[in-house]
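Student: Starting from these lines, generate the structure:
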Amino acid sequence: METVLSTLQVVISVIVVFLVLMHSGKDSGLSGAFGVGSGQGPLGGGSMVERNLNRWTIFFAVLFFVNAIILLKRPWA
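Tutor: As a prediction, the model looks like this:
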C-alpha cells in the first residue's frame, strides 16, 4: 500500500509542477507555448482556459497534500 501511495505522490507532484508552469506570468513562461497566457489560442478565450487551469491546479495540489498526510500517518505501519 505504501508503494502505491508513494508512486502516486511522485506522479501527482510531476502533474502539479507541470500545471504551475502552465500558468502565465510576467514572461509568459511555458504557458505561452500552448497559448494559455494569451487571449487567443486553440481553445478559445483565455479567461475560461485560465479558470480551468486554476481549478485543476488547486485540485491536484489538494490531492498532493492529502496523499502526503496519509503517507506521513501510515496507519498500516
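Student: neighbours of P75, just the number please.
Tutor: P75 has 6 neighbours, counted by other CB atoms under 10 Å. Just so you know, the C-beta spots here come from the backbone N, C-alpha and C atoms, and that holds for glycine as well.
Student: residues in contact with R74?
Tutor: Contact analysis of R74 by CB atoms under 8 Å, 6 or more residues apart in numbering lists E2.
Student: Correction: the previous question concerned V4.
Tutor: Going by CB under 8 Å, 6+ apart, the list of residues near V4 is empty.
Student: Where does it fall, secondary structure wise?
Tutor: helix 2-22 (DSSP states H and E).
Student: Just say helix, strand or coil for P75.
Tutor: When classified by DSSP: H, G, I helix; E, B strand; the rest coil, P75 comes out as coil.
Student: any idea how far it is from E2?
Tutor: Distance, P75 to E2, by CB to CB, to the nearest Å: 11 Å.
Student: do the same with V14
Tutor: From V14 to E2 the distance is 19 Å (CB to CB).
Student: Over to R51?
Tutor: Counting by CB to CB, the gap from R51 to E2 is 36 Å.
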